[in-house]
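Asker: Build me a model from this:
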Amino acid sequence: MSERLTQFVNCKILRNHKISPEDIWVRNGKIVDPEKIFFDEKVQADVVVDCKGNLIAPGFIELQINGGFGFDFSHHEHTEQGINVVAKNLLSHGITSFCPTVVTSPKEVYHKILKRIKQRKGDKNGATILGVHAEGPFISKEKKGAHPVNYIVEHDGTLFQFFELYGSLENIKIITLAPEFPNSDSVVKKLCEKNIVVSLGHSTANLAQGEQAVRKGATFITHLFNAMLPFHHRDPGLVGLLASDNIPKDKTIYFGIISDGIHTHPAALRIAYRVHPEGLVLVTDAISALGLGEGKYKIGQMDIEIREQNAYVAGTDTLCGSITSMIQCVRFFMEATGCGTEYALEAASLHPARVLGIEKTKGTLNFDADADFILLDDNLDIISTWIAGECVYEKL
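Answerer: Sure, this is the predicted structure:
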């Protein structure tokens, strides 16, 4: 990593929830405080980058993405190639870190895939891999969405079952499960003790079951409103966690939300934003067709088709992920909710970092954080993407 001191000038930066004119200084892949470098001496940069008045914001962190650019992470034939291609192409979307998502699959597929998707630092070859998001198979058959019902498994409360099915928990960062099964309390607690984020989703759970899972350590909800019971005024289900007063006061419940104009109505986006803004996390839930046109593709073991920019399980009207980029989700969310640019960008960077407990190093432009950021113009078009202070993508 370079010892040189780089100064980014003529820019606005997003820091501490506000945008202000300020330079950024980078050394050894970290954002540094220039006042602490040479004490009384005037700081001189080795390299000066003119940002031409554009905005620097933390790089996006994607917690739920099934694939893209023709590759699906749940297909074992081309796992390494698929990871490499997607990681590289996500740089142009402003994503500097992501959690490859593997949907409900047979045991033998998990055993082949999960050991191949290892955590690694990002660079010009691709975004940082933070760990796998295992979405299933411990979910509800009634709320399966695009997950194949014959591979869904009811969890029995033991970690042995998870080890036996996944092969290992080593590369897993997030597990989506349904909390309504017997013995859920035990398994949620055990997974959290292993520093795995437990996300509630693809579920018929009522509010009390969701609250109990949160008390045992669950901190995330998978694609709010989708693949769960709809809100009901007598029992609001998992959606009710956004306003629950029956969970620890010092605990923030985070929730992924797909702001693509298809999965979640603008009014639902506004409700979630106004009720619980600190927990909102933008996710794309993108599939293998991301970056491609209409046609037939795969998500896990299932055939899908893209029709009029929507992704469906082949031959049905069941939605199964999106083909929308993160920056498009950011723009649509701003339009739907009327929120500020600062909030929308942090919902795709700082908030997901907090879900994973990495907000001191990623999702922020604070001093000592990783210099992972994006340069945006006034239209929020991505001009360039930077990882560890090095330019890894530049718009031609």
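
Asker: Phe220 contacts Ile257, correct?
Answerer: No: counting by Cβ atoms under 8 Å, Phe220 does not reach Ile257; the two are 11.4 Å apart. C-beta: built from backbone N, CA, C; applies to glycine.

Asker: where do the contact lists of the two overlap?
Answerer: Common neighbours of Phe220 and Ile257, using Cβ atoms under 8 Å, 6 or more residues apart in numbering, are Val281.

Asker: where exactly do the strands run in the stretch 151-300 of the chain?
Answerer: In the stretch 151-300 of the chain, the segments counted as strands under DSSP state E, counting those that start in this stretch are 172-177, 197-200, 220-221, 254-258, 280-283, 295-299.

Asker: Comparing the ones you listed, which comes out most buried?
Answerer: Ranked by mean neighbour count, the strands of the stretch 151-300 of the chain are led by strand 280-283 with a mean of 27 (mean count of other Cβ atoms under 10 Å).

Asker: what packs against that strand?
Answerer: strand 60-65, strand 254-258, helix 326-337, helix 341-347, helix 350-356 (3 or more Cβ pairs under 8 Å, 6 or more residues apart in numbering; DSSP states H and E).

Asker: Pull the residues that contact it.
Answerer: 62-65, 220, 223, 254-259, 272-273, 326, 329-330, 333, 344, 347-348, 351-352, 355.

Asker: ok, back up a step: want to throw the helices and strands packed on strand 280-283 into CSV with mean pLDDT?
Answerer: Shown next, in CSV, are the helices and strands packed on strand 280-283 (pLDDT from 0 to 100):
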stretch, mean pLDDT
strand 60-65, 98
strand 254-258, 98
helix 326-337, 98
helix 341-347, 98
helix 350-356, 98
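
Asker: Let's have those in TSV, adding distance to Gln81.
Answerer: What follows is these, written out as TSV (distance: least, Cβ to Cβ, whole Å):
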stretch	distance to Gln81
strand 60-65	16
strand 254-258	26
helix 326-337	22
helix 341-347	31
helix 350-356	26
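
Asker: how deep is Glu3 tucked in, by neighbour count?
Answerer: Glu3 has 7 neighbouring residues, counting by other Cβ atoms under 10 Å.

Asker: That one contacts Arg27, doesn't it?
Answerer: Yes: proximity of Glu3 to Arg27 meets the contact threshold set by Cβ under 8 Å, at 6.8 Å.

Asker: First-to-last residue distance for stretch 322-329?
Answerer: Counting by Cα to Cα, to the nearest Å, you get 10 Å between the two ends of stretch 322-329.

Asker: What lies in contact with that stretch?
Answerer: 60, 62, 93-95, 258-263, 282-287, 289-292, 306, 309, 311, 332, 348, 380-382.

Asker: same deal with stretch 116-127?
Answerer: With contact meaning Cβ under 8 Å, 6+ apart, stretch 116-127 is reached by 73, 76, 79-80, 83-84, 86-88, 90-91, 95-98, 100, 102, 128-132, 171, 372, 387-388, 390, 392.

Asker: Now it: average pLDDT?
Answerer: For stretch 116-127, the mean per-residue pLDDT is 97.

Asker: on that earlier part again, between the helices and strands packed on strand 280-283, which gets nearest to Cys320?
Answerer: Nearest to Cys320, of all the helices and strands packed on strand 280-283, is strand 254-258, at 11.6 Å by Cβ to Cβ.

Asker: Tabulate the CA atom coordinates of the closest one in PDB.
Answerer: C-alpha atoms of strand 254-258 as PDB (Å, rounded to 0.1, in the frame of the first residue of the first chain):
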ATOM      1  CA  TYR A 254     -32.000  -2.600  10.700                       C
ATOM      2  CA  PHE A 255     -34.000  -3.600   7.600                       C
ATOM      3  CA  GLY A 256     -33.100  -4.000   4.000                       C
ATOM      4  CA  ILE A 257     -35.500  -2.400   1.500                       C
ATOM      5  CA  ILE A 258     -35.500  -2.700  -2.300                       C
END
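
Asker: Can you list the helices and strands that it packs against?
Answerer: Strand 254-258 packs on strand 220-221, helix 266-275, strand 280-283, helix 350-356, going by 3+ Cβ pairs under 8 Å, 6+ apart.

Asker: Now with 6 Å, please.
Answerer: strand 280-283 (3 or more Cβ pairs under 6 Å, 6 or more residues apart in numbering; DSSP states H and E).

Asker: longest strand anywhere in the protein?
Answerer: In the chain, ranked by residue count with DSSP state E as the criterion, the top strand is strand 95-103.

Asker: who's in contact with the helix or strand following it?
Answerer: Using DSSP states H and E, the helix or strand that follows strand 95-103 in sequence is helix 107-113. With Cβ atoms under 6 Å, 6 or more residues apart in numbering as the test, helix 107-113 has contacts from 76, 79, 165-167.

Asker: sorry, back to before: most tightly surrounded among the helices and strands packed on strand 280-283?
Answerer: Among the helices and strands packed on strand 280-283, strand 60-65 has the highest mean neighbour count (mean count of other Cβ under 10 Å), at a mean of 29.

Asker: ok and it relative to strand 254-258, angle-wise?
Answerer: Between strand 60-65 and strand 254-258, the angle comes out at 80 degrees (axes from the mean of the first three to the mean of the last three Cα atoms, to 10 degrees).

Asker: Check which helices and strands the helix or strand following strand 60-65 sits against.
Answerer: Using DSSP H and E, the helix or strand that follows strand 60-65 in sequence is strand 67-68. Applying 3+ Cβ pairs under 6 Å, 6+ apart, one finds that strand 67-68 contacts no other helix or strand.
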